[in-house]
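Student: just the structure for this:
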Amino acid sequence: MKKYLLSIFSICLAATMVAQEAEQTPSPWDFSGVVGLNASATGLVNWAAGGNNNVNGVAFGKVRLLYNENNLSWETNLNLEYGLSYIDQKNDPFQKSSDVIDFNTKFGWQFHKAWYLTASAGFKSQFAFGRAYDGTEAADPIISKFLSPSYTDISVGIDWKPNSIFSLYLSPVAGKITTAYVGSAVEEANPGLRQQMQDKYATWVYSKEANADGTYDKIYKNAKAELGLSFKGGINYTYKDLKIITTLGLFTPYAWDKTEMFDAENKFIGYRDNNRRFGNFDVDWDAAISYQFLKCLNVTLSTSLKYYNGVKIADKEGHATERVQFKGILGIGVGYSF
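Tutor: Below is the predicted model of the structure:
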């Protein structure tokens, strides 16, 4: 009987020691992020300065999966965001305020201290149709759609990661694919949308042969691929209930067709490559600061700044040129940080 009890005790002791050792061994995986729903409302009664009652809501999620073991490192980030606004007005009461799909992953092999030989891939797009709200009774024209436009990048380079918070990545071999695809059914319901989008997002090239007046015709395509130089930096920091996530991406193509173009009056109007040349950088900068309180409530400030060479945005007078795009959202809502 004593031997039997001693055997049971030995097994239990061994199992306890193994469990304690497993608990003490840190996991190579780290999963963090913030998800939530922010909302705001404005009510006006006899407000002399004018305005409309409105309700705004934005659902968002930012997650990060990090793996570190031996000489291998794998980091994946996903940012999803969608928002709607209701404005108390006759025309265009419901308007999209935010729409983001942003995925990035990179896998690295450590060859010296904080330096990694890394392969990276990313994808940016949107969920729903985008419209140009003009405030009239006429139907608002569609200017973008699900997964169009989209930006895909694949690269190989060197990543410097001194810790789990900060990373700096440089790739001399980076590919970028810009897609502005419009299916037949959508094009039939919205005539001219395909050419409009491919013109706006520069998924076209000039013909090799000039016309008699010295100009070049545009050849429209569903997608445009480029090879260039890429730079990416990121910070993911958590202190108690405060979380800060920011990423910066730069890309410039190597190719540059220096063929000059002139209008009918022999006035220089640009290069045949639509200014897509080395040294002209595309910029993607996103930042989010979130503070959680009372377990389930949070305050979130998110900003996004973009500048794409070749992507021309028209002003109110209809003049189209490359412009800095900026979006900022400050909200209080229900959320959870982990």
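Student: now do the strands in the stretch 1-150 of the chain.
Tutor: Secondary structure of the stretch 1-150 of the chain (DSSP state E, counting those that start in this stretch): strands at 29-42, 54-69, 72-87, 94-112, 115-125, 130-131, 142-144, 150-160.
Student: note down every partner strand of the second one and its orientation.
Tutor: It stands for strand 54-69. Partners of strand 54-69 in the sheet, by DSSP bridges, are strand 29-42 (antiparallel), strand 72-87 (antiparallel).
Student: which one of the strands of the stretch 1-150 of the chain lies nearest to residue 318?
Tutor: Nearest to residue 318, of all these, is strand 142-144, at 14.1 Å by CB to CB. (Each C-beta comes from the backbone N, C-alpha and C, glycine too.)
Student: to residue 295, which of the strands of the stretch 1-150 of the chain lies closest?
Tutor: strand 29-42 (12.4 Å).
Student: buried residues in that closest one?
Tutor: Going by neighbour count (16 or more other CB atoms under 10 Å), the buried part of strand 29-42 is 32, 33, 34, 35, 36, 38.
Student: poorly predicted segments of the stretch 51-200 of the chain, please.
Tutor: Along the stretch 51-200 of the chain, the model assigns pLDDT under 70 to residues 51, 135-138.
Student: how does it look with 80?
Tutor: 51-52, 89-92, 133-140 (pLDDT under 80).
Student: which residue ends up closest to the midpoint of the chain in space?
Tutor: With distances taken as CA atoms, centre = their mean, the residue of the chain nearest its centroid is residue 102 (3.8 Å).
Student: mind listing the residues bridging to that residue?
Tutor: residue 79, residue 124.
Student: quick check: it touching residue 150?
Tutor: No - Residue 102 lies out of contact with residue 150 (CB atoms under 8 Å); the separation is 10.8 Å.
Student: anything in contact with each of the two?
Tutor: The contact sets of residue 102 and residue 150 overlap at 123, 124 (CB atoms under 8 Å, 6 or more residues apart in numbering).
Student: check contacts around the residue nearest to residue 61 when sequence neighbours are not counted.
Tutor: In space, and not counting its chain neighbours, residue 61 is closest to residue 35: 4.2 Å by CB to CB, 6 or more residues apart in numbering. Taking CB under 8 Å, 6+ apart, we find residue 35 in contact with 60, 61, 62, 63, 335, 336.
Student: what of residue 54?
Tutor: Residue 54 touches 41, 42, 85, 86, 87, 88, counting by CB under 8 Å, 6+ apart.
Student: show me what the residue nearest to residue 61 is bridged to.
Tutor: Beta-bridge partners of residue 35, as defined by DSSP bridges: residue 61, residue 336.
Student: ok, now how distant is it from residue 297?
Tutor: For residue 35, the distance to residue 297 equals 13 Å [CB to CB, to the nearest Å].
Student: for these two, list the residues in contact with both.
Tutor: Taking CB under 8 Å, 6+ apart as the criterion, residue 35 and residue 297 both touch residue 335.
Student: one step back: switch the buried residues of strand 29-42 over to a markdown table; also include pLDDT and distance to residue 206.
Tutor: Formatted as a markdown table, the buried residues of strand 29-42 follow (pLDDT from 0 to 100; distance: CB to CB, whole Å):
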| residue | pLDDT | distance to residue 206 |
| --- | --- | --- |
| 32 | 85 | 46 |
| 33 | 84 | 44 |
| 34 | 82 | 45 |
| 35 | 87 | 45 |
| 36 | 86 | 46 |
| 38 | 86 | 44 |
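Student: how many neighbours does residue 189 have?
Tutor: By other CB atoms under 10 Å, the residues close to residue 189 number 10.
Student: what segments of the stretch 151-300 of the chain are helices?
Tutor: For the stretch 151-300 of the chain, helices defined by DSSP state H, counting those that start in this stretch occupy the ranges 184-189, 193-200.
Student: remind me what the last one packs against, helices and strands.
Tutor: For helix 193-200, the packing partners by 3 or more CB pairs under 8 Å, 6 or more residues apart in numbering; DSSP states H and E come out as strand 142-144, helix 184-189, strand 218-220.
Student: picking up where we left off before, now, which of the contacts of residue 54 sits nearest residue 316?
Tutor: So of those, ranked by how close each gets to residue 316 (CB to CB), first place is residue 87, at 19.2 Å.
Student: got a list of what the closest one touches?
Tutor: Counting by CB under 8 Å, 6+ apart, residue 87 makes contact with 52, 53, 54, 93, 94, 95.
Student: what do you get if the cut-off is 7 Å, keeping everything else the same?
Tutor: Residue 87 makes contact with 52, 54, 93, 95, according to CB atoms under 7 Å, 6 or more residues apart in numbering.
Student: pull out the buried members of the residues you listed.
Tutor: Using 16+ other CB under 10 Å, the buried ones in the contacts of residue 87 are 54, 95.
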